[in-house]
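S.K.: Need coordinates for the below:
(one chain, ligands or ions: 1)
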Amino acid sequence: MLTVSQVNLEHRLKNISANMSAGECWHVLGQNGAGKSSLFEVISGLLEADSGVVELNGVDVSAFPISELATKLVYLQQHYALSFSLSVAEILRFYAGHIDIPSEIEQALSISTLLNRKLNNLSGGEQQRVHIARCLMQAWHAVKNGEALILLDEPIQSLDVVFQEQSLAMFKALARKGNLLILSIHDVNLSLRYCDHVLMIKNNAIFCCGAANAIMTADNISELYDYPFSEVTSKNKSEKFFIRSPL
Ligand SMILES: Nc1ncnc2c1ncn2[C@@H]1O[C@H](COP(=O)(O)OP(=O)(O)OP(=O)(O)O)[C@@H](O)[C@H]1O
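M.R.: Purely as a prediction, here's the structure:
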């Protein structure tokens with residue numbers, strides 16, 4: 001269980017509170033600059049809030065020794081720059097201690113074919129696949145047992161459509177195992193398909209928070225982005241979509 005209580009951070013987060021439970025798959029939505037990455041930084045314990053508390057299973061995240069957090073917290077940051085030239089295998093060995101890629105990760109991200117390549121020579125999407133893999137593999141013992149907190153800041157940025165679908169499906173399956181998974185994303189239709197809970201942040205404060213089927217409405221999405229969306233259902237009425245009006 002993750003409890004975020006009245007977290008404030010100057011110019012970045014205003015009185016954010018939320019309760020999230022193990023086994024849930026949360027998507028965080030909001031405009032550029034809304035505060036999504038800032039919230040992830042505070043939840044991960046990397047950034048201290050001006051006020052408020054973040055507790056993981058009743059313990060303040062800042063009280064966890066970093067060595068313990070590293071084994072149970074997965075945090076994929078939005079930006080990650082490596083200024084020296086390492087192969088993908090060397091990177092996985094550095095973060096995970098081995099290059100035995102778990103089958104779930106290999107199926108979703110096809111890492112094995114990249115092992116001998118230098119990270120800096122990979123395309124943007126290939127690099128992103130490696131970053132997702134190295135983060136998950138670092139805490140894989142907890143992830144495979146469904147005991148991890150998984151924070152992913154825009155994990156599908158740069159991925160092509162197939163890797164977007166495969167990785168979002170893997171993240172949802174990891175939540176089903178018992179992990180608490182929280183990711184930020186800008187595609188509302190992929191969110192509709194792959195999350196069960198949504199946190200909408202607007203102007204650095206919570207706009208809406210809760211079960212996706214209750215709050216993923218065209219009205220809420222339109223107000224969140226200050227942009228008109230309408231809702232449609234597929235011909236067989238099995239799936240709902242949001243359509244963005246042209247400017
Ligand atoms: N290190 C920092 N110091 C001061 N202000 C910052 C810092 N990082 C971000 N901000 C500001 O905090 C606000 C929230 O930024 P944040 O990166 O959390 O937004 P975001 O919702 O993740 O946006 P995006 O969708 O563009 O990634 C923005 O106004 C941003 O300019």
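S.K.: from here on, contacts and neighbour counts on C-alpha atoms
M.R.: OK.
S.K.: Please look at residue 232 and residue 244 and confirm they touch.
M.R.: No: the criterion here is Cα atoms under 8 Å, and residue 232 misses it with residue 244 at 10.8 Å.
S.K.: quick one: contacts for residue 156?
M.R.: 128, 163, 164, 167, 168, 185 (Cα atoms under 8 Å, 6 or more residues apart in numbering).
S.K.: residues in contact with the last one?
M.R.: Residue 185 sits next to 27, 28, 29, 153, 154, 155, 156, 191 when contact means Cα under 8 Å, 6+ apart.
S.K.: The same query, at a cut-off of 6 Å, please.
M.R.: residue 154 (Cα atoms under 6 Å, 6 or more residues apart in numbering).
S.K.: Pull up the per-residue confidence for it.
M.R.: pLDDT for residue 185: 98.
S.K.: and what of the fourth one?
M.R.: Looking at residue 167, its pLDDT is 98.
S.K.: Equivalent analysis for the second one, please.
M.R.: Per-residue confidence (pLDDT) for residue 163: 98.
S.K.: After the helix or strand it falls within, which helix or strand is next?
M.R.: Secondary structure assigned from DSSP states H and E places residue 163 in helix 161-176. The helix or strand immediately downstream of helix 161-176 is strand 180-184, counting by DSSP H and E.
S.K.: May I have the secondary structure class of residue 199?
M.R.: When classified by DSSP: H, G, I helix; E, B strand; the rest coil, residue 199 comes out as strand.
S.K.: Do you have the strands of this structure handy? List them.
M.R.: Taking DSSP state E as the criterion, the chain carries its strands at 2-9, 13-20, 25-29, 51-56, 59-60, 73-76, 149-152, 180-184, 197-202, 205-211, 229-233, 240-244.
S.K.: Tell me what the nearest residue to residue 136 once chain neighbours are set aside is bridged to.
M.R.: Leaving out its chain neighbours, the residue that sits closest to residue 136 by Cα to Cα, 6 or more residues apart in numbering is residue 74, at 6.2 Å. Note on residue 74: beta-bridge partners residue 150, judged by DSSP bridges.
S.K.: Could you list the buried residues of the lowest-mean-pLDDT helix or strand in the chain?
M.R.: Within the chain, no helix or strand scores below helix 66-72, which has a mean of 88 by mean pLDDT, DSSP states H and E. Neighbour counts over helix 66-72 (16 or more other Cα atoms under 10 Å) mark 69, 71, 72 as buried.
S.K.: of all those residues, which comes closest to the ligand?
M.R.: The ligand lies nearest to residue 69 out of the buried residues of helix 66-72, by Cα to the nearest ligand atom, at 21.6 Å.
S.K.: list the contacts for that closest one?
M.R.: By Cα under 6 Å, 6+ apart, residue 69 has no neighbours at all.
S.K.: cool, residue 152 as well?
M.R.: Residue 152 neighbours (Cα under 6 Å, 6+ apart): 75, 76, 183.
S.K.: Now do the nearest residue to the first one once chain neighbours are set aside against residue 39, distance only.
M.R.: Using Cα to Cα, 6+ apart and skipping residues adjacent in sequence, the residue nearest residue 75 is residue 151, 4.7 Å away. When Cα to Cα, to the nearest Å is applied, the distance between residue 151 and residue 39 equals 10 Å.
S.K.: circling back: kindly indicate the member of the contacts of residue 152 with the most neighbours.
M.R.: Highest neighbour count within those, by other Cα atoms under 10 Å: residue 183, with 27 neighbours.
S.K.: which residue is nearest the centroid of the protein?
M.R.: residue 183 (2.0 Å; Cα atoms, centre = their mean).
S.K.: Against the ligand, how distant is that one?
M.R.: Distance of residue 183 to the ligand, computed by Cα to the nearest ligand atom, to the nearest Å: 11 Å.
S.K.: same thing with residue 224?
M.R.: From residue 224 to the ligand the distance is 12 Å (Cα to the nearest ligand atom).
S.K.: Alright, calling it a day.
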